[in-house]
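Asks: Can you look at this prediction? I've put the sequence above it.
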Amino acid sequence: MCTVIVHVPETADAPTRVLAVRDEDPTRAWDPLGSWWPELPGVVGVRDTRAGGAWLAADTDAGRLAVVLNRADMLPEERATGSRGHVVLEAVAGRGVADAPPTHGFNLVEVVGGRTRVHHWDGDAVRTVELGPGVHMIAHGDVDDTETARIAAWHDAFPTPAPGDDWWRPWLAALEATTEVPPTDDRAIIRDNRPHGFPTLSLLVCAASVTAAGAEVLYGELDEPGAWNHPTLR
């Protein structure tokens, strides 16, 4: 039940800004932002140690970024043989999304230069949405879905980013402001999903800036899963 905020610029030559919060089972090992895939030179990401894929990855030279969020589906277990994290690597390598990925459902946010798309996979068909200029928010449903409590509560809390290297600071401040509700609240972005039947908690935050000339990703972990501590992004 991760959350992604993305600002699509008015012009394709301006940077696309992304803030992503990862929710995962704290007992499932991960590797922090790094160059974990020698077969993909120039790609950095947050690696799932068990399956070898990525939650978020970027090609820093080619100006591509992808991040995956879980989405409900009705896919039988025997068909869900693949890892969502490998969908991220395929996308960031420029190979796109398969027509019928062998994974459970996902929302894949894909930024290529000045273009941002979200691919929705529900186990039946892949549906792709092109995002227009402005601030958008994605969780486990559709883009800007006001039926999702955290999107209804906080979408407008994230301002249009200002130019400059510290563009992410107002968004991190907005994220901190959302913690006025407890992590078990439906409106929470920094979350403890265990009361909702999932073993996942918010673990880390990434901020990314993407243009056709390249991508920069910053990374910071929460000191305690599901608890805000204003992480240092670097």
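Replies: The structure has been received and is ready for your questions.

Asks: What are the buried residues along whatever helix or strand Ala58 lives in?
Replies: Assigned by DSSP states H and E, Ala58 belongs to strand 54-59. By neighbour count on 16 or more other CB atoms under 10 Å, the buried set for strand 54-59 is 54-59. To be clear about C-beta, it is placed using only N, CA and C from the backbone, and glycine gets the same treatment.

Asks: Kindly report the same for stretch 211-223.
Replies: For stretch 211-223, a neighbour-count test (16+ other CB under 10 Å) marks 211, 214-215, 217-222 as buried.

Asks: From these, pick the one nearest Ala139.
Replies: Leu222 (18.0 Å; CB to CB).

Asks: close enough to count as contact, that closest one and Ile190?
Replies: Yes - Leu222 lies in contact with Ile190 (CB atoms under 8 Å); the separation is 7.4 Å.

Asks: Return the strand ranked longest in the chain as PDB; C-alpha atoms alone will do.
Replies: Scanning the chain for the longest strand, with DSSP state E as the assignment, gives strand 201-211. Extracted in PDB, the C-alpha atoms of strand 201-211 (Å, rounded to 0.1, in the frame of the first residue of the first chain):
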ATOM      1  CA  LEU A 201       4.500  -0.600   7.300                       C
ATOM      2  CA  SER A 202       6.100   2.500   5.800                       C
ATOM      3  CA  LEU A 203       9.900   2.000   5.700                       C
ATOM      4  CA  LEU A 204      11.500   4.600   3.500                       C
ATOM      5  CA  VAL A 205      11.100   7.600   1.200                       C
ATOM      6  CA  CYS A 206      12.600   8.400  -2.200                       C
ATOM      7  CA  ALA A 207      12.600  11.700  -4.100                       C
ATOM      8  CA  ALA A 208      13.500  11.700  -7.800                       C
ATOM      9  CA  SER A 209      13.900  14.300 -10.500                       C
ATOM     10  CA  VAL A 210      13.800  13.100 -14.100                       C
ATOM     11  CA  THR A 211      14.500  14.800 -17.400                       C
END
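
Asks: Tell me which other helices or strands that strand touches.
Replies: Here strand 201-211 touches strand 16-24, strand 30-34, strand 54-59, strand 64-70, helix 168-177, strand 214-221, going by 3 or more CB pairs under 8 Å, 6 or more residues apart in numbering; DSSP states H and E.
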